[in-house]
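S.K.: one predicted model, sequence on top.
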Amino acid sequence: MPPAVGGGLAGSELRPRRGRCGSQAARAVGPDVATEATARSPKRPAPSSRRFEAPGRWALLALVTLMSFATRFHRLDQPPHICWDETHFGKMGSYYINRTFFFDVHPPLGKMLIGLAGHLSGYDGTFLFQKPGDEYEHHSYLGMRGFCAFLGALLIPFAYLTVLELSQSLPAALLTAALLTFDTGCLTLSQYILLDPILMFFIMAAMLSMVKYNSCANRPFSAPWWLWLSLTGVNLAGALGVKFVGLFIILQVGWNTVSDLWHLFGDLSLSMVTVGKHLTARILCLIVLPLALYTATYAVHFMVLNRSGPGDGFFSSAFQARLSGNNLHNASIPEHLAYGSVITVKSARMAVGYLHSHGHLYPEGIGARQQQVTTYLHKDYNNLWIIKKHNTNSDPLDPSLPVEFVRHGDVIRLEHKETSRNLHSHYHEAPLTRKHYQVTGYGINGTGDSNDFWRIEVVNRKFGNRIKVLRSRIRLIHLVTGCVLGSSGKVLPKWGWEQLEVTCTPYLKETLNSIWNVEDHINPKLPNISLDVLQPSFPEIMLEAHMVMIRGNNGLKPKDNEFTSKPWHWPINYQGLRFSGINDTDFRVYLLGNPVVWWLNLLSIALYLLSGSIFAVALQRGARLPAEVEGLSQVLLQGGGQLLLGWMMHYFPFFLMGRILYFHHYFPAMLFSSMLTGLLWDILLRLCAWSLASFSLAGHVHTLGILSLLLGIAYRLFDLEPDLLPLFQYNCRQFSSPEDCLSSPEFLDHIRKVMLVIDAAVTNVEDLSSLEEYLASLGRKHRAVGVKLSSFSVGKGALSLSKAPGLRPPLSPRPLLCTCSSFPLLYPQMTRAGAC
């Protein structure tokens, strides 16, 4: 029987280390299989190999970490302008520095960390972050980019350690690290002020902590066991605190925990008291601790953002009363509603806003061509309405007239203060919601018709009761049609200024869509009361914040000319994502994965399902496999199964989401598929080598296979996206000939900018004086970047690049050269029995 290849299952490789937690691969194989593999291997690792094992692991980890940081921090200052969602998350970091309240669909932890990084690096929070392409100029932005790049760089050593723990194979871990190091998508996503590197950091940290604590199962309740279990809970809180998709890693850890407890429950050697201790420990570390930390992030969030800002209108009136600078903060307003009062009416449904009107009319073909009535999320003078009696036009603020309060069941008119038109409804169909009636502004100077009459009702109150500001939940019933005023929450087209639709629904069921409250209240004839007593408690504002975020997430819609994608596009690298917009900037950034990496990952998932099914059926049928093969199959099924589950957990839920989706949503799943690829190909190559008769040939087959994969990943080859080709166009009208154009310093500067589009990690060419010198002296870099004289053609006075098969830019000459120079060091380590 051929021996174990590369020592992957022999000798010290799967033997639990004294004084430490045993590896998860050793647990997967089991002591009997590991012992049998050791006994049957004729070539035991020498003592020198075992002594070299730990230094070799740490040396490779240091090399992987160095490569990761070198690629992520290379030219981090480029481009010196806003890229893609930096306009959102950089702005939100500024809000934290300025303590200005805002609304976002994601939990606050990621933005808080960005703001903290900016503050510590000297950023003062004054840059506006208006749109992609805006220059940063003198503002300090590198601290925030550097923080995201730092966390993004840690993804690779985390993946390396995770695969090493699952497989106990250095080649598998090294292959995984190479996949992520040379993936242009991961590199690009880590270099900008975004939530994605922060989210992926916590996801990978939680995964690493979970497999580490699994490996400590042979020493429960020891210090390392408690440490890794607690760190798992901390990282789960971090993942959920950055984005709600952090719930996917929580589900994976939860599945692992339930499975672990189920096996403990079936272990008859354990007493129920011991099983209870295990259950309690996991409840404390994986439920109580994450919830406490997650809640603490909101406590800090609300404590820091205590000033009124652009997010006020998304929240309830009582919520706004706690924000300094808001008109409701420390305000004193009349308590009860009276005729003649100027008011704002706010929807009880989160993130809908205020009843609003303006001078624009509904377009032709959209119901009656009358004044638009909508809901608007922000404070505005067009939100003001005057409450009047339905059957008189007398001025209720006349000092000679007594104050008359509005009561539950009264019939009223609401007159728009700015346009003097009444809130009106009729039997015309609403613009967007079928079977609902249109709501308009109608009349002249408050004079209209009976379709302007509304009965005001307080929810769960008796007729005759007064209506209180903020606290009374009211409904407006149209007197003629019997419908109820409400907001559908649907966004109107451009003609409606993308505000939200207001309708009158004939369905009288009480829902948040049709419930309102009075917020602002001005009436000089009434005494004022303080609103401090109405401020909500912390649990109330935290619950409201989550309701608003969930609704905001579900309501995300694409902007004009914005590229969206579907989940099936992602694994095949179907379409990238523009990071710098389409305006004329110095150069542009395009998010696109390395096709070699992504297609290899996709192939690996298919191969894993095939090979895993074969091994699972064989083991289930009781097939007698050689010890080495059985050990590898157990690692493949258990370690690879965890990684496949992670990929599925972070990918398939997006098929069920109704919100807008982007290419970058796939990257957490891509991390798991890359780890699965590293583990799978190492095992497949070991099995291929094992099947050969010669031990020396087997070792070389495995090692050369790993090195070939590393070279293939590093030297990625692909044609440019058609969307990138216009970037190469250059105006040659000022030159007498194409040759003069090609040799000009201006064209060289243009090529330099284009190279940055292809690859942010490309080497500098500032010292070159002409394109010819560049092509002649730096042939390999020329081949790397893909600039060829023959690739350019002249047409109508402009020089453009034709899509040629020879245009194949590798990731970067410098990382590739570094990797190639490392092979003489890696080769002996991967062929040592005790090191692999």
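M.R.: Received it, and whenever you're ready, just let me know what you need.
S.K.: rest of the way, CA atoms for contacts and neighbours
M.R.: Noted.
S.K.: low-confidence ranges, this structure, go.
M.R.: For the chain, the stretches flagged by pLDDT under 70 are 1-20, 22-54, 351, 462-464, 533-534, 555-564, 581-588, 693-699, 714-733, 737-836.
S.K.: would you map the helices across the stretch 551-700 of the chain?
M.R.: Applying DSSP state H, counting those that start in this stretch to the stretch 551-700 of the chain gives helices spanning 595-620, 627-651, 667-690, 695-714.
S.K.: just put these in CSV and tack on distance to residue 314 and mean neighbour count.
M.R.: Formatted as CSV, the helices of the stretch 551-700 of the chain follow (distance: least, CA to CA, whole Å; neighbours: other CA atoms under 10 Å):
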stretch, distance to residue 314, mean neighbour count
helix 595-620, 40, 17
helix 627-651, 29, 22
helix 667-690, 30, 25
helix 695-714, 47, 19
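S.K.: which stretch among the ones you listed comes nearest residue 233?
M.R.: When these are compared by CA to CA, helix 627-651 sits nearest residue 233, at 17.0 Å.
S.K.: quick one: that closest one to chain centroid distance?
M.R.: Averaging C-alpha positions (CA atoms, centre = their mean, to the nearest Å) puts helix 627-651 26 Å from its chain's average.
S.K.: now do that helix against helix 667-690, angle only.
M.R.: Here helix 627-651 runs at an angle of 170 degrees relative to helix 667-690 (axes from the mean of the first three to the mean of the last three CA atoms, to 10 degrees).
S.K.: could the helices of the stretch 551-700 of the chain be laid out in a markdown table, adding distance to residue 71?
M.R.: As requested, those are exported to a markdown table (distance: least, CA to CA, whole Å):
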| stretch | distance to residue 71 |
| --- | --- |
| helix 595-620 | 16 |
| helix 627-651 | 25 |
| helix 667-690 | 17 |
| helix 695-714 | 12 |
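S.K.: out of these, which gets nearest to residue 222?
M.R.: Nearest of the helices of the stretch 551-700 of the chain to residue 222, taken as CA to CA: helix 627-651 at 23.4 Å.
S.K.: and the angle for that closest one with helix 595-620?
M.R.: 120 degrees.
S.K.: which other helices and strands does helix 627-651 contact?
M.R.: Applying 3 or more CA pairs under 8 Å, 6 or more residues apart in numbering; DSSP states H and E, we find helix 627-651 packed against helix 24-29, helix 31-40, helix 142-167, helix 247-265, helix 595-620, helix 667-690.
S.K.: so for residue 512, which of the ones you listed sits nearest?
M.R.: Nearest to residue 512, of all the helices and strands packed on helix 627-651, is helix 247-265, at 27.3 Å by CA to CA.
S.K.: need the residues that contact that closest one.
M.R.: The contact list for helix 247-265 (CA atoms under 8 Å, 6 or more residues apart in numbering) reads 203, 206-207, 210, 236, 239-240, 270, 272, 275, 278-279, 282, 645-646, 649-650.
S.K.: on that earlier part again, which among the helices and strands packed on helix 627-651 is found nearest to residue 83?
M.R.: Of all those, it is helix 142-167 that lies closest to residue 83, at 11.1 Å by CA to CA.
S.K.: I'd like the next helix or strand past the closest one.
M.R.: helix 170-181 (DSSP states H and E).
S.K.: so what's residue 361 closest to, chain neighbours aside?
M.R.: residue 371 (4.2 Å; CA to CA, 6 or more residues apart in numbering).
S.K.: from residue 289, how far out is the one you found?
M.R.: Here residue 371 is placed at a distance of 54 Å from residue 289 (CA to CA, to the nearest Å).
S.K.: looking at these two, which one has more neighbours?
M.R.: The residue with more neighbours, out of residue 371 and residue 289, is residue 371; 23 against 20, by other CA atoms under 10 Å.
S.K.: okay, and the beta partners of that one?
M.R.: Note on residue 371: beta-bridge partners by DSSP bridges are residue 361, residue 441.
S.K.: what sits against it?
M.R.: 357, 358, 359, 360, 361, 362, 440, 441, 442.
S.K.: now do residue 81
M.R.: When contacts are counted by CA under 8 Å, 6+ apart, residue 81 touches 132, 133, 134, 135, 136.
S.K.: do residue 470 as well
M.R.: 317, 318, 517, 518, 519.
S.K.: PyMOL command to pick out the buried ones of those?
M.R.: Filtering these down to the buried ones (16 or more other CA atoms under 10 Å) takes a single PyMOL command:
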select buried, resi 317+318+517+518+519
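S.K.: ok, back up a step: now, which of the contacts of helix 247-265 lie within strands?
M.R.: Among the contacts of helix 247-265, no member is found in strands (DSSP state E).
S.K.: what's the PyMOL syntax to select whichever of those are buried?
M.R.: Buried subset of those, written as a PyMOL selection, criterion 16+ other CA under 10 Å:
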select buried, resi 203+206+207+210+236+239+240+275+278+279+282+645+646+649+650
